[in-house]
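Engineer: build me a model from this:
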Amino acid sequence: MYHNDIMFALMRERAREMRAEGDAARAGRAARRAREYWADRMPVPGRARRSRAASGRGGAAPAR
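Structural biologist: As a prediction, the model looks like this:
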């Protein structure tokens, strides 16, 4: 194997490792931002709104 072939293989391997590292960092950043986004929008446990009984009538007055 010639010197340039060895160097090409080493740089290809290093570039692959750096790409994988960058992908993992971006995925981690996206996951953290998603957790922060939903943490701001989710209700606090114990302070949730009461759920209404689903009558299927769209909030019409009670039947007599």
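
Engineer: which stretches of this structure have low pLDDT?
Structural biologist: For the chain, applying pLDDT under 70 flags the ranges 46-64.

Engineer: show me the helices in it, by range?
Structural biologist: Along the chain, counting by DSSP state H, helices occupy 3-41.

Engineer: show me the contacts for Arg33.
Structural biologist: By C-beta atoms under 8 Å, 6 or more residues apart in numbering, the contact set of Arg33 is empty. To be clear about C-beta, it is placed using only N, CA and C from the backbone, and glycine gets the same treatment.

Engineer: how much space between it and Arg26?
Structural biologist: 11 Å (C-beta to C-beta, to the nearest Å).

Engineer: do Pro43 as well
Structural biologist: Pro43 is 30 Å from Arg26, by C-beta to C-beta.

Engineer: ok, Leu10 next?
Structural biologist: 25 Å.

Engineer: count of neighbours near Asn4?
Structural biologist: By other C-beta atoms under 10 Å, the residues close to Asn4 number 8.

Engineer: with Arg41 instead?
Structural biologist: Look at Arg41: counted by other C-beta under 10 Å, it has 7 neighbours.

Engineer: and the residue nearest the centre of this protein?
Structural biologist: Ala31 (3.7 Å; C-alpha atoms, centre = their mean).

Engineer: give me the common contacts of Arg33 and Arg26.
Structural biologist: Counting by C-beta under 8 Å, 6+ apart, Arg33 and Arg26 have no contacts in common.
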